[in-house]
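Trainee: How does the following fold in three dimensions:
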Amino acid sequence: MRPGEDFPGVGVGLAIVRDDKILLYRRVRPPEAGHWNIVGGKIDHMEAAIEAARREAEEESGLSIRTIEFLGLSEQIFENERQHWLSLIYRAVDFSGEARVTEPEKLPEFGWFAFDDLPSPLSRFAADAVGMLSAVIPKT
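Mentor: Model prediction:
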């Protein structure tokens, strides 16, 4: 049995923000292969969601994540890919290091993108995270 395919999967996403830009990676695997997404992944059994967000982000970006804040919940059903996911979305603005490609077979390309100049196509999870961020980031 596979989460997301045989039953709803539970995951996390971390919107990493620096200098009014969000870190996005291009996905290779479904769901939404080829789309730009925030870092994240599955929550392991008996792992706290916030720690899963930190682990996944550090594995995928090479950054050291310090403070994480909860943003909201995103539910995505991808009928054409037969995938169903619930993801807790967090944000991090307190981190160190330089982002890099650490898993080229999954996330071969990344960039820091201004909120008014996001890449396309944007994943539904990333679009939800951007929407959630717009409620907490002050307008300048």
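Trainee: only C-alpha atoms for contact and neighbour calcs from this point on.
Mentor: Fine.
Trainee: Just the pLDDT at the residue most central in space within the chain, thanks.
Mentor: Nearest to the geometric centre of the chain sits residue 38, at 2.7 Å (C-alpha atoms, centre = their mean). pLDDT recorded at residue 38 is 98.
Trainee: Next: residue 50.
Mentor: For residue 50, pLDDT reads 97.
Trainee: mind checking the SS state of it?
Mentor: Classification of residue 50 by DSSP: H, G, I helix; E, B strand; the rest coil places it in helix.
Trainee: contacting residues for the residue nearest to the centre of the chain?
Mentor: For residue 38, the contact set (C-alpha atoms under 8 Å, 6 or more residues apart in numbering) comprises 13, 14, 15, 16, 23, 24, 25, 125, 126.
Trainee: One more pass at 10 Å, please.
Mentor: Contacts for residue 38 (C-alpha atoms under 10 Å, 6 or more residues apart in numbering) come out as 12-16, 22-27, 57, 60, 89, 91, 110, 122-123, 125-127, 129-130.
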